[in-house]
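# sequence unavailable; structure follows:
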């Protein structure tokens with residue numbers, strides 16, 4: 001086995017169990033960029049982890065590669081194009097935030113990318129700041145929206161304690177080698193009573209994919225872009241992690257955005273509506289979204 005991979009499996013950072021079960025199906029679907037590692041699931045809490053866990057050098061080598069940059073740009077193109085519609089797309093998130101934090105205040109976006117989220121937050125009255133490892137993305141945010149973006153990784157930056165009313169982390173936590181340590185870093189940076197917003201993908205098969213497998217005999221679609229994810233969350237494992245770290249879960253869901261009701265079947269629209277309804281009720285959507293509050 002390559003020296004770029006840990007030879008000893010770590011304990012689960014959610015529940016501290018040492019029992020892991022291999023998940024061949026998810027490993028095949030995600031198409032990991034780390035060929036000697038495979039998805040395993042904690043036998044106690046269901047949290048997933050890529051094992052053996054690649055070391056920092058192997059991870060950074062992937063992120064620095066031209067191939068990764070090219071595939072990242074391609075995957076992110078749809079969101080970049082959707083910039084003019086970002087207010088509509090983000091309205092549910094800001095509605096929830098404004099119910100929890102009606103006075104607004106200071107917001108930090110970790111993994112701010114090109115700054116669309118922070119631009120909308122700024123428009124709504126938040127005092128905004130971002131962290132982004134990509135100089136190209138940070139430059140775009142500053143030049144386009146006038147948003148201050150620190151070109152740093154979460155691992156390298158020192159955030160001031162008790163400084164932010166809201167910290168937003170979207171599709172970042174699954175990439176971090178030590179997610180629990182980084183969540184604690186963000187909790188320390190939140191003001192008492194502040195809110196941490198986390199979104200991660202749900203990669204164990206949402207209800208729509210399961211129905212398609214069962215009735216249409218179609219396999220789960222594999223990632224079009226090979227994955228760099230190291231951790232694989234469920235709604236229960238993420239909320240358990242945050243609660244054990246002293247946060248109160250204010251709101252959680254597994255949303256699906258950009259729903260499509262088009263179908264060639266006579267009753268296809270009704271079937272899709274039903275699947276979307278139960279997907280929400282059973283918390284089996286493709287995304288996991290959690291709002292958690294730091295004690296006052």
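Received, thanks. Computed from a predicted model, the values in this text were never measured in an experiment.

# just name the shakiest helix or strand of this protein by mean pLDDT.
helix 66-81 (a mean of 52; mean pLDDT, DSSP states H and E).

# beyond it, next helix or strand please.
Remark: after helix 66-81, the chain's next helix or strand is helix 86-100, criterion DSSP states H and E.

# what lines up beside the helix or strand just after that next one in the sheet?
Next helix or strand after helix 86-100 toward the C-terminus (DSSP H and E): strand 106-110. Applying DSSP bridges to the sheet, strand 106-110 is found paired with strand 127-131 (parallel), strand 164-170 (parallel).

# can you name every helix or strand that the helix or strand following the last one contacts?
Sequence-wise, the next helix or strand downstream of strand 164-170 (DSSP H and E) is helix 179-189. Applying 3 or more Cβ pairs under 8 Å, 6 or more residues apart in numbering; DSSP states H and E, we find helix 179-189 packed against strand 164-170, strand 190-201, helix 235-244. Every C-beta, even on glycine, is put in place using the N, C-alpha and C of the backbone.

# tally of neighbours for residue 52?
20 (other Cβ atoms under 10 Å).

# ugh, wrong one, residue 156
8.

# just to revisit the earlier point, which stretch among the strands paired with strand 106-110 comes nearest residue 274?
strand 164-170 (28.7 Å; Cβ to Cβ).

# contact partners of stretch 236-252?
Residues outside stretch 236-252 that contact it (Cβ atoms under 8 Å, 6 or more residues apart in numbering) are 13-15, 42, 45-47, 96, 100, 179-180, 183-184, 187, 195-196, 198, 200, 235, 288-295.

# go again using 6 Å as the cut-off
14, 45-47, 96, 100, 288, 290-293 (Cβ atoms under 6 Å, 6 or more residues apart in numbering).

# stretch 17-25 too?
9, 11, 38-44.

# hang on, the earlier thing: between the helices and strands packed on helix 179-189, which one is nearest to residue 273?
Comparing the helices and strands packed on helix 179-189 by Cβ to Cβ, helix 235-244 comes nearest, at 22.2 Å.
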